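A.B. asks: quick one: sequence and predicted model below, then my questions.
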Amino acid sequence: MKYNFLGNTGLVVSELCFGTMTFGGSGGIWEAIGKIKQDGVNDLMKVVVDSGINFIDTANVYSYGESETLLGQSIKDLGIDRNELVIATKVRGRMGQGQNNVGLSRYHIFQSVDASLKRLQMDHIDVLYVHGVDPKTPVEEIMRSLNDIVLTGKVRYIAVCNWPAWMVMKALGIADKNGWNKFVGMQYYYSLSSRDIEREIVPVAIDQNLAVFPWSPLAGGFLSGKYTRATEKAGDSRRDIFDFPPVNKAKAYDIIDVMAEIGKAQNVSVAEIALAWVRLQKGITSTIIGAKNADQLNANIKSTTVELSADDLKKLDDVSALTKEYPGWMVERQGADRAIKS
Ligand SMILES: NC(=O)c1ccc[n+]([C@@H]2O[C@H](COP(=O)([O-])OP(=O)(O)OC[C@H]3O[C@@H](n4cnc5c(N)ncnc54)[C@H](OP(=O)(O)O)[C@@H]3O)[C@@H](O)[C@H]2O)c1
């Protein structure tokens, strides 16, 4: 396992992060995503720690807190030194029926962090993400509250998921002006079938020296190799019931064809090629992998040993390229005449 600095911090994380969205399975969409209970969680966590992965991702909303509870208990059961791990969780999603059991108000951020710590059986969270946009809470309130929660010692670093680039820049500016803690990383959906973050998000991360953590690098399993034009349902697979994140399937099948050809030449699975591609892209710090069992987890960990040649990368780039969008194409066109003439 290789390790990277997390953005502009001194914190070191493994190039794979283990996502725990498959833990629990209590109700709603969570049942489709994964129903792994304590024994299964402990088995997966042992594989994770033995592989050298030190970065674990959960969220308050995953199975309504059950994922955090199972993760915290597994660390105790396995006798893992909590201080060898970087534990990330999130706040934003609805955690109860009350008016204030949701969002990024100061009230909910403080209440949610206390509840997460209790479920995790920990005294601090290493990385707290805002899990998405709260259209009702002013960005000033969010950033001041995040700064204050860091000052309590309950949270070490703050980071962001799923916000538009302009809002991230606004938040960084407000935090900078006030001398508050700033986001250190960005967690966004990124896979060969969804390269949208290359337009605005990755450029912000590179410019601001923020870490990038791709989620759903297999597009929720769609890019694992088990879905083909002939096999639209894989059986006992979450996408059969919960078709998320959105995928342009016609385009994805073309991408899968190219991955299968490259995988065959290297004798590795389509899933490994998909994960290797994400790992090798510009600005990527740690790819958040998901797994429903140890076989999947081991295959996904093995992807860190897969290398892609310039020719492989070009083939994958060509078949998965984004369509040009304005103002991107105009920026590219106008930037061309700023090259130094030889
Ligand atoms: N911040 C956010 O908004 C956000 C959103 C989503 C996820 N996340 C984070 O990102 C993590 C990963 O997301 P994800 O679970 O969607 O990742 P993913 O890698 O796109 O999908 C994982 C799923 O694909 C299938 N799979 C995985 N490896 C496989 C393999 N080698 N062969 C065949 N099938 C395989 C499994 O489901 P089946 O067996 O059921 O097909 C597994 O649960 C989550 O756990 C969570 O921590 C964050």
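C.D. replies: That came in fine, so what should we check first? Numbering: from 1, shown residues only.

A.B. asks: which parts of this protein sit against the ligand?
C.D. replies: 19-22, 34, 57, 131, 161-162, 187, 215-221, 224, 226, 237-239, 271, 288-292, 296, 299-300 (CB under 6 Å from any ligand atom). Yep, even glycine has a C-beta here, placed from its N, CA and C like the rest.

A.B. asks: just the ones of the residues you listed in strands?
C.D. replies: Among the residues of the chain next to the ligand, the members falling in strands (DSSP state E) are 19, 57, 161, 187, 215, 288, 289.

A.B. asks: how many neighbours does the fourth one have?
C.D. replies: Counted by other CB atoms under 10 Å, the residues lying close to residue 187 total 25.

A.B. asks: contacting residues around it?
C.D. replies: Neighbouring residues of residue 187 by CB atoms under 8 Å, 6 or more residues apart in numbering: 57, 129, 159, 160, 161, 162, 213, 214, 215, 288.

A.B. asks: nearest residue to the residue most central in space within the chain other than its sequence neighbours?
C.D. replies: Closest to where the C-alpha atoms of the chain average out (CA atoms, centre = their mean) is residue 215, at 3.0 Å. Leaving aside its chain neighbours, residue 215 sits nearest to residue 288 (4.9 Å; criterion: CB to CB, 6 or more residues apart in numbering).

A.B. asks: kindly provide the distance from the one you found to residue 323.
C.D. replies: Relative to residue 323, residue 288 is positioned 26 Å away (criterion: CB to CB, to the nearest Å).

A.B. asks: circling back: ok, so of the ones in strands among the residues of the chain next to the ligand, who is nearest the ligand?
C.D. replies: residue 19 (2.2 Å; CB to the nearest ligand atom).

A.B. asks: so what's that closest one bridging to?
C.D. replies: Per DSSP bridges, the residues bridged to residue 19 are residue 57.

A.B. asks: that one: what's it in contact with?
C.D. replies: By CB under 8 Å, 6+ apart, the contact list for residue 19 reads 57, 58, 215, 288, 289, 290.

A.B. asks: do the same with residue 318
C.D. replies: No contacts exist for residue 318 under CB under 8 Å, 6+ apart.

A.B. asks: pull out the buried positions in the helix or strand where it lies.
C.D. replies: Element membership for residue 318 (DSSP states H and E) is helix 310-320. By neighbour count on 16 or more other CB atoms under 10 Å, the buried set for helix 310-320 is 312, 315, 316, 319, 320.

A.B. asks: what does stretch 264-281 give?
C.D. replies: Buried, per 16+ other CB under 10 Å, within stretch 264-281: 268-279, 281.

A.B. asks: same question for stretch 22-41.
C.D. replies: Neighbour-count burial for stretch 22-41 [16+ other CB under 10 Å]: 22, 23, 24, 25, 30, 32, 33, 34, 35, 36, 40, 41.

A.B. asks: what of stretch 139-156?
C.D. replies: Buried, per 16+ other CB under 10 Å, within stretch 139-156: 139, 141-147, 149-150, 154-156.

A.B. asks: mind checking which of those land in helices?
C.D. replies: 139, 141, 142, 143, 144, 145, 146, 147, 149, 150 (DSSP state H).
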